[in-house]
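> coords please:
(4 chains)
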2 protein chains.
Amino acid sequence: MRGEQKRRLLMAAAARVLHEQGVERTTIADIAEAAGVPTGNVYYYFKTKDDLVRAALGEHAAHLAALTAELDALPDPRERLKALVASWVGQREVAARYGCPTGTLAVELDKRDDGLDAEAGRVVRLLLDWAAAQFRALGLPDPDGLAITLVGAYQGMSLLANALRDPSVVDREGDRLHRWLDDL
Amino acid sequence: MRGEQKRRLLMAAAARVLHEQGVERTTIADIAEAAGVPTGNVYYYFKTKDDLVRAALGEHAAHLAALTAELDALPDPRERLKALVASWVGQREVAARYGCPTGTLAVELDKRDDGLDAEAGRVVRLLLDWAAAQFRALGLPDPDGLAITLVGAYQGMSLLANALRDPSVVDREGDRLHRWLDDL
DNA sequence: GTCTATAGCCTGATAGAC
DNA sequence: GTCTATCAGGCTATAGAC
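Numbers count the residues shown, from 1 in each chain, chains lettered A, B, ... in the order given. Model prediction:
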């Protein structure tokens, strides 16, 4: 299955390059080059550029699912949430340079009125739902609202770290979120 | 001064259209049409598309300066900050449809390595500096950190409201920020 | 199945008429 | 100063050779 391998290579390259350069500034040739595949050949695996963007969104969703599955191994929901915050802090350099992969993609795709804008929102919702489940397990009131506060803080600190090119924003806000989770 | 008038018309149109459609998906023709100016004529007023983007950033900065100047008329710094939050809530429909003008522009421009990425950060910093000044006037410790928390919450709730197409996110987080400011 | 060459379109920018 | 016509370049996508 050489074909399936190349397809996966292209999906991974698309996820990375689209995050770094943005959707509109990235050409098919950019993704092909990053994957080591001839430019025109990309169309054998993905009919359109939008299909590649969709595949990249799927990659990010899969990555998120893997992360939350890992966190689910922890016994205490509060510890799971704190470990999530810790993983955000661990990605501070990436956040400062390119922003949150899902968040920046959502911002860009939301400027469109084709179907892709809604799909970005679905990936964001995966994280919101998982976080809400943890707050619910802790018996806290308004778990959905708390999830929005937590994920909103993540998106906000990623955006600011990116706009200011300053990873320390993530450190500071990460500490604050840790205390916030402890005090809930 | 017919020329200066048209120039201002183009700047206002650029600020609006670039916010709604994003930088990369907006053509010179789009902005020209929104301003009621013939397409090619735009280049008489702005040498390049990047110049127009810069002008749009300037418009957003001016709008922000006007807002903070208005808030400065309030006697109490805490009331100024709460009025800022209230103005964000008042813009919830726009935030849900197009996101924060400065924030979404910063996300898109940060994907570039020319000079424009840094200029978006400068506009964000205007708001941060003003907020920090209010916290400082209240005698609170770490005013810069508090400003990042406040503006980060704004950017986060705007992004989520936009990605989920749900203005109620802004209402909920606005209420929370109001309580947070009261309890500081 | 894999890749190349190229068509066709759109965009930013310009030259020059008025 | 204002506007039109048009060019050059780069992009997505396809047709068809291997």
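> can you name the element that comes right after the strand or helix carrying residue A:17?
Under DSSP states H and E, the secondary-structure element containing residue A:17 is helix A:2-21. The helix or strand immediately downstream of helix A:2-21 is helix A:28-35, counting by DSSP H and E.
> can you check what angle separates that following helix from helix A:2-21?
110 degrees (axes from the mean of the first three to the mean of the last three C-alpha atoms, to 10 degrees).
> which elements pack onto helix A:28-35?
Where contact means 3 or more C-beta pairs under 8 Å, 6 or more residues apart in numbering or on different chains; DSSP states H and E, helix A:28-35 is packed against helix A:2-21, helix A:42-45, helix A:49-71. All C-beta spots, glycine's among them, are computed from the backbone N, C-alpha and C.
> distance from the chain centre to the last one, please.
Taking the mean C-alpha point of helix A:49-71 and that of its whole chain, the gap between them comes to 8 Å (C-alpha atoms, centre = their mean, to the nearest Å).
> next up, phi/psi of the most centrally placed residue in chain A, please.
The geometric centre of chain A, computed from its C-alpha atoms, lies nearest to residue A:102 (C-alpha atoms, centre = their mean), at 3.3 Å. When quoted as degrees, to the nearest 10, the phi and psi of residue A:102 stand at phi -70, psi -40.
> do the one 10 residues further on as well
Note on residue A:112: backbone dihedrals following degrees, to the nearest 10 are phi -100, psi 160.
> residues contacting the residue nearest to the centre of chain A?
With contact taken as C-beta atoms under 8 Å, 6 or more residues apart in numbering or on different chains, residue A:102 is in contact with A:60, A:64, A:120, A:123-124, A:127.
> ChimeraX command to pick out the buried ones of the residues you listed?
A single ChimeraX command is used to select the members of the contacts of residue A:102 judged buried by 16 or more other C-beta atoms under 10 Å in any protein chain shown:
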select /A:60,64,120,123,124,127
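> closest to residue B:54 out of the contacts of residue A:102?
Among the contacts of residue A:102, residue A:120 lies closest to residue B:54 (C-beta to C-beta), at 27.7 Å.
> show me the contacts for that closest one.
So, once contact is read as C-beta under 8 Å, 6+ apart, residue A:120 ends up touching A:57, A:102, A:105-106, A:109-110, B:163.
> what separation do you get for it and residue B:119?
Using C-beta to C-beta, to the nearest Å, residue A:120 is found at 26 Å from residue B:119.
> show me the contacts for residue A:65.
For residue A:65, the contacting residues are residue A:126, taking C-beta under 8 Å, 6+ apart as the criterion.
> 7 Å - rerun?
For residue A:65, the contact set (C-beta atoms under 7 Å, 6 or more residues apart in numbering or on different chains) is empty.
> still on that earlier bit, quick one: which of the contacts of residue A:120 is nearest residue A:22?
Nearest to residue A:22 among the contacts of residue A:120: residue A:105, at 8.5 Å, using C-beta to C-beta.
> so which strand or helix has the closest one?
When secondary structure is defined using DSSP H and E, the element that contains residue A:105 is helix A:101-109.
> per-residue confidence averaged over that helix?
Along helix A:101-109, the predicted local confidence has a mean pLDDT of 97.
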